[in-house]
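Peer 1: any chance you can model this:
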Amino acid sequence: ERALDASRRELIAWVSHDLRTPLAGIRAMAEALEDGVAAESESVARYHRAMRTEADRLAGLVDDLFELSRINAGQLRLQMERASLGDLVSDALAAASEVARAKGVALEGRMTTEPPEVVLSTPEMARVLRNLLENAIRHTPSDGAVSVEAGVDGGHAFVSVADGCGGIPDEDIRRVFDTAYRGAVARTPDDGGGGLGLAIAKGIVEAHNGRIAVANEEVGCRFTVEIPLPAEGSDE
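Peer 2: Numbering: from 1, shown residues only. The predicted structure follows:
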């Protein structure tokens, strides 16, 4: 109960901070436009773009809070369907390719076995992979690499994402999936995410009766997601 209470207080503190930052920016830019400080067309357009960006950050934070509240309340509704793990990984890599290219990070992916069929909620599991890939790219230096491996291991399908972050300190690695936790090297940066991305990923994976783990290795760390393979002839 003490740990839960501390986690809630930590979440409130971070979310309050992450709400105030973009709101303050939007208000300052709106006042500048109203007062005529930014009157040139180029400046006005730049302010409007910046306001849109800040509004998108707020919308993302609200979406994350809503998703986390559903997970914590046990109200996450999964529309389970059969899907190819290969297609899921391929789509996630394609979606992340532009972000990786912009930062100068090489993005690699491979299947270690024949792509298995899995039973999952595609939108939610796509969100897990998106969170992990964006996180890995963000913490990998330019000219570094992020690699994705997927396949079958025993009775589970797995996807792992390895980055070049330099590793996570021992005192932080045990808490990277805690709601709103940010250690010395934050896995969710101060950009409006509220430290919720990995907590949401953990909740979604566990709702699929799977598990998510992280371990340091070589020049970075590896996040691994495992979900059970469906029984033969079953859709569940």
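
Peer 1: you'd agree residue 230 is up against residue 120?
Peer 2: No - contact criterion CB atoms under 8 Å: residue 230 and residue 120 do not qualify, at 9.4 Å. The C-beta positions use only the backbone N, C-alpha and C, and glycine is treated the same way.

Peer 1: give me the more crowded residue out of these two.
Peer 2: Taking other CB atoms under 10 Å, residue 230 and residue 120 do not tie; residue 120 has more neighbours (26 against 17).

Peer 1: just give the closest residue to the more buried one, not the sequence neighbours.
Peer 2: residue 208 (5.7 Å; CB to CB, 6 or more residues apart in numbering).

Peer 1: also residue 168?
Peer 2: Closest to residue 168 by CB to CB, 6+ apart is residue 221, at 5.4 Å.

Peer 1: where's the residue positioned nearest the centre of the chain, which helix or strand?
Peer 2: Centroid-nearest residue in the chain: residue 131, 2.0 Å away (criterion: CA atoms, centre = their mean). Using DSSP states H and E, residue 131 maps to helix 122-139.

Peer 1: who does the next helix or strand after that helix pair with, and is each partner parallel or antiparallel?
Peer 2: Scanning forward in sequence from helix 122-139 by DSSP H and E, the next helix or strand is strand 145-153. Sheet partners assigned to strand 145-153 using DSSP bridges are listed as strand 106-111 (parallel), strand 156-162 (antiparallel).

Peer 1: most tightly surrounded among the ones you listed?
Peer 2: Among those, strand 156-162 has the highest mean neighbour count (mean count of other CB atoms under 10 Å), at a mean of 22.

Peer 1: pLDDT of that strand, averaged?
Peer 2: Computed over strand 156-162, the mean pLDDT rounds to 96.

Peer 1: do stretch 175-183 as well
Peer 2: Stretch 175-183 comes out at a mean pLDDT of 72.

Peer 1: find the nearest non-adjacent residue to residue 142, please.
Peer 2: Closest to residue 142 by CB to CB, 6+ apart is residue 104, at 3.8 Å.

Peer 1: quick check: the one you found touching residue 145?
Peer 2: No - taking CB under 8 Å as the definition, residue 104 is not a contact partner of residue 145, at 10.4 Å.

Peer 1: the two: which has the busier surroundings?
Peer 2: Between residue 104 and residue 145, counted using other CB under 10 Å, residue 145 has the larger neighbour count: 16 against 11.

Peer 1: got a list of what the closest residue to that one other than its chain neighbours touches?
Peer 2: Residue nearest to residue 145 in three dimensions, not counting chain neighbours: residue 106, with 4.1 Å by CB to CB, 6+ apart. Going by CB atoms under 8 Å, 6 or more residues apart in numbering, residue 106 touches 100, 144-146.

Peer 1: having no further points to raise, I will conclude here.
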